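**Student:** Give me coordinates for this.
(chains A and B)
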Amino acid sequence: MTNLNVEDWQAILLTLKLAFASTLILLVIATPLAWWLSDAKHQTIKTAIQAIVALPLVLPPTVLGFYLLILLGPEGLIGQTLGQMGLPNMAFSFSGILLASVLYSLPFAVQPLQQAFEQLGRQPIEVAASLGAGPIDRFLTVILPMCKGGFIVAATLSFAHTLGEFGVILMLGGSIPGETKVLSILIYDHAEAMNYQGASQLSLGLLVFSFVVLVLVYRVRQQQYGQRK
Amino acid sequence: MSLRIKANWQRAQLNLQIDTNIPTSGITAIFGRSGCGKTSLLRLIAGIERVKNAEVLFNQQPWQIDSKFEPIERRRIGLVLQQPSLLPHLSVEDNLLYGYKRTPLAERRVHPELIINLLSLSHFLGSDVSTLSGGQQQRVVLGRALLTSPQLLLLDEPFSGLDNQSKAEILPFVREVVERTNIPVLLVTHDTREVEKLADHVVFMENGRLAPPQTIADALHQPFSPLFIGSECASIFVGILQKTDDFGRQKVSSTKNDGCYLWLSQIPTAAVYNTKHGFDSRVRILAKDVGIALAPIPDISIQNQLSATITDINHNENYVLLTLKLEDGQILHSEITAYSFSKLELTFGIKIVAMIKSLALD
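**Tutor:** Residues are numbered from 1 along each chain as shown, chains lettered A, B, ... in the order given. Predicted coordinates:
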């Protein structure tokens, strides 16, 4: 039934690689950020950071992509610095679109975690500390198991959202096969080339996958809610 | 052995201004109304909050001084809060052992067998935390804290969220545990009866300030002590609980004077915190339950007739509050009507007999 060609497989693998890598990076960045936000004493700074984190939700992806292109390009601030250090340019490369997806999906990782941490409160952490658990011990034995649902939701949403990324990558990455040509770009290319059959089987695959992911997320949320009741 | 605290801490509604030494032997109650800063003080001592320029020294160990700040996990403090704080993803047993496992071998003085026995926890070990009642949960929390062999146990109104039944379940354990393990306790509370039953020392707190520590006896000797605001005036009789006799009565006799004893009817629960034979017990006696006679009366149902001397007289609108000194030196308060007071021609320094119904002591 499926007749995916080499190009299709390449795009699928690249997309999965991008999604896994950005999810991993996002969890590492979003956890401390969400923790800080869930307990921030300084309201003004907290509000500002929250707004910045949420920006990708409202900005057209092309705007984010545009600024990244400027920053990462050979003339840009980051591009120049990297160039002086003898490192390759990030625009039109996998590392460039990885950075873009991390920024683009940041709210999808931070918000569920922040919510989970706020629900957890500080008491379990204080209690664990009084029982002799240091910071890493507390994270592994209290925060992680008690906020498991938040982490699962954050990871799946980040993963799914990265799969659906299009505008940012188009602006920043162009469409270099095996480097930046992800599924959404390939679907666009297929449709442009009137290859509707190719576009349709990839689209259907993404549709089914996204649906399954969302069902899983809502089930986890339901379970969490049920447990608290 | 003492806890030195110095702080000037401005919180939203409260200015905590403290410069004091709190005794760290037995149970010390920090007593005050809601909002007086008790919980803030406890968070400062525990190191949950880092208060600028504060000083906390526990038995010469610097927990916080100048730029030095020992994090809570290194202070070795047992913490029991108002809300039972069991970790819901762990079983009762895993909760109980959470701190024990993290206590270095050399510092483990309290072991699971003792705690499981003392707090009668063996039935719950395999249970899910959520199946336990509030009182049972607090017992596990207390056991978990004790199993870290803490240098200091901090109890923040641990019984105030419990109904009377659950309170009766856990209160008797606290005193016994302290006696057996020798761990000093700071008990933050606004409950007069908890202080009367448990405390060795009491520190009154008001508007973020602490009064100098007093022994429980001294605090109870003052009929207008902050302890009795909004609560009835009472005194505590300390003695050794004897075996039940054929009539179902139990005798609590003074350690200093054999002739000085109280009869309790049946099984005392609320009034006596330690119901084990041969142990120190405290009997709470309300001032209004103590009557006065000029001489012993043999033909009367009242069995408790204790010789005493009047050491203080306070006139109030409708009643007179007498302070009585028993033969063994313990103090009793008695509330009688102005009519009886003048009819008996009571004066300072005279010898009288204090009459207390046994049933009043339940």
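**Student:** helices and strands around the helix or strand containing residue B:283, which ones?
**Tutor:** Take DSSP states H and E as the rule and residue B:283 turns out to sit in strand B:280-286. Counting by 3 or more CB pairs under 8 Å, 6 or more residues apart in numbering or on different chains; DSSP states H and E, the packing neighbours recorded for strand B:280-286 are helix B:192-198, strand B:234-241. Just so you know, the C-beta spots here come from the backbone N, C-alpha and C atoms, and that holds for glycine as well.
**Student:** right, and the ones you listed - which one's nearest chain A?
**Tutor:** Judged by CB to the nearest CB, the one of these that comes nearest to chain A is helix B:192-198, at 20.9 Å.
**Student:** just for chain A, where's the confidence low?
**Tutor:** A:1-2, A:224-229 (pLDDT under 70).
**Student:** repeat that for 90
**Tutor:** Scanning chain A for pLDDT under 90 picks out the ranges A:1-8, A:10-11, A:39-43, A:68-96, A:163-184, A:198, A:209-210, A:213-214, A:216-229.
**Student:** then the strand holding residue B:283 to PDB, C-alphas only?
**Tutor:** Coordinates of the C-alpha atoms in strand B:280-286 are reproduced here as PDB (Å, rounded to 0.1, in the frame of the first residue of the first chain):
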ATOM      1  CA  ASP B 280       5.000  10.200  84.900                       C
ATOM      2  CA  SER B 281       1.500  11.400  84.200                       C
ATOM      3  CA  ARG B 282      -0.100  14.800  84.000                       C
ATOM      4  CA  VAL B 283      -3.700  15.300  85.200                       C
ATOM      5  CA  ARG B 284      -5.400  18.500  84.000                       C
ATOM      6  CA  ILE B 285      -7.700  20.000  86.700                       C
ATOM      7  CA  LEU B 286     -10.000  22.900  85.700                       C
END
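**Student:** buried set for that strand?
**Tutor:** Neighbour-count burial for strand B:280-286, with 16 or more other CB atoms under 10 Å in any protein chain shown as criterion, is recorded at B:281-286.
**Student:** Okay, angle between it and strand B:234-241 too, please.
**Tutor:** Using axes from the mean of the first three to the mean of the last three CA atoms, to 10 degrees, the interaxial angle of strand B:280-286 with respect to strand B:234-241 works out to 150 degrees.
**Student:** next SSE after strand B:280-286?
**Tutor:** Downstream of strand B:280-286 (by DSSP H and E), the next one is strand B:290-293.
**Student:** Touching the helix or strand that that following strand is followed by from outside, list them.
**Tutor:** Using DSSP H and E, the helix or strand that directly follows strand B:290-293 along the chain is strand B:304-315. The contact list for strand B:304-315, computed with CB atoms under 8 Å, 6 or more residues apart in numbering or on different chains, reads B:223-224, B:259-260, B:262-263, B:293, B:296-297, B:320-327, B:331-332, B:338, B:346-358, B:361.
**Student:** Could you identify the buried members of those residues?
**Tutor:** Neighbour counting over the contacts of strand B:304-315 (16+ other CB under 10 Å) leaves B:223, B:260, B:262-263, B:320-327, B:331-332, B:346, B:352-358, B:361 as the buried ones.
**Student:** Counting only strands, which of those make the cut?
**Tutor:** B:262-263, B:320-326, B:331-332, B:352-356 (DSSP state E).
**Student:** quick one: which two of these are the most distant?
**Tutor:** Spanning the widest gap among those are B:263 and B:320, at 26.2 Å by CB to CB.
**Student:** Residues of chain B that sit close to chain A?
**Tutor:** Along chain B, the residues adjacent to chain A under the rule CB under 8 Å from any CB of the partner chain are B:46, B:48, B:71-73, B:76-79, B:81, B:83, B:85, B:87-89, B:98-99, B:102-103, B:144-145, B:148.
**Student:** same thing but 7 Å
**Tutor:** B:46, B:48, B:72-73, B:77-79, B:81, B:85, B:87, B:89, B:98-99, B:102-103, B:144, B:148 (CB under 7 Å from any CB of the partner chain).
**Student:** same for the host helix or strand of residue A:200, what does it pack against?
**Tutor:** Using DSSP H and E, residue A:200 sits in helix A:196-228. In terms of contact count using 3 or more CB pairs under 7 Å, 6 or more residues apart in numbering or on different chains; DSSP states H and E, helix A:196-228 is assigned the packing partners helix A:148-163, helix A:183-192.
**Student:** and of the ones you listed, who's closest to chain B?
**Tutor:** Smallest distance to chain B across these (CB to the nearest CB): 8.3 Å, for helix A:148-163.
**Student:** Mind listing residues that contact the closest one?
**Tutor:** Applying CB atoms under 7 Å, 6 or more residues apart in numbering or on different chains, the contact partners of helix A:148-163 are A:15, A:18-19, A:22-23, A:26-27, A:30, A:101, A:105, A:108-109, A:112-113, A:115-116, A:183, A:206, A:210, A:213, A:216-217, A:220-221, A:223-224.
**Student:** ok, now with 8 Å
**Tutor:** Contacts to helix A:148-163, defined as CB under 8 Å, 6+ apart, come from residues A:15, A:18-20, A:22-23, A:26-27, A:30, A:101, A:104-105, A:108-113, A:115-117, A:144, A:183-184, A:206, A:209-210, A:213-214, A:216-217, A:220-221, A:223-224.
**Student:** Chain neighbours aside, what residue packs nearest to residue 147?
**Tutor:** Just so you know, I chose chain A. The shortest distance from residue A:147 to any residue other than its chain neighbours is 4.0 Å, reached at residue A:116 (CB to CB, 6 or more residues apart in numbering or on different chains).
**Student:** nope, chain B please
**Tutor:** Closest residue to residue B:147 in three dimensions, ignoring its sequence neighbours and counting by CB to CB, 6+ apart: residue B:100, at 4.1 Å.
**Student:** Equivalent analysis for residue B:2, please.
**Tutor:** residue B:21 (4.6 Å).
**Student:** quick one: contacts of the helix or strand hosting that neighbour?
**Tutor:** Element membership for residue B:21, per DSSP H and E: strand B:15-23. Contact with strand B:15-23 is made by B:1-10, B:28, B:30, B:37, B:40-41, B:44, B:186, B:201, B:203, B:207-210, B:212-213, as judged by CB under 8 Å, 6+ apart.
**Student:** Then stretch B:336-348?
**Tutor:** Among residues not part of stretch B:336-348, those counted as contacts by CB under 8 Å, 6+ apart are B:291-292, B:294, B:310-313, B:315, B:318-320, B:322, B:352.
**Student:** And those residues, which is the shakiest by pLDDT?
**Tutor:** Lowest pLDDT within these is found at residue B:318 (83).
**Student:** residues in contact with that one?
**Tutor:** Residue B:318 makes contact with B:337-338, according to CB under 8 Å, 6+ apart.
**Student:** Distance check, it against residue B:360.
**Tutor:** Residue B:318 sits at a distance of 20 Å from residue B:360 (criterion: CB to CB, to the nearest Å).
**Student:** what's the pLDDT at the closest residue to chain A within the stretch 201-350 of chain B?
**Tutor:** Per CB to the nearest CB, residue B:208 is where the stretch 201-350 of chain B lies closest to chain A, at 20.6 Å. The predicted structure scores residue B:208 at 87 on the pLDDT scale.
**Student:** what about it, neighbour count?
**Tutor:** With neighbours defined by other CB atoms under 10 Å in any protein chain shown, the count for residue B:208 comes to 23.
**Student:** For it, give me its contacts.
**Tutor:** Remark: with contacts taken as CB under 8 Å, 6+ apart, residue B:208 is in contact with B:9, B:14-18, B:36-37, B:40.
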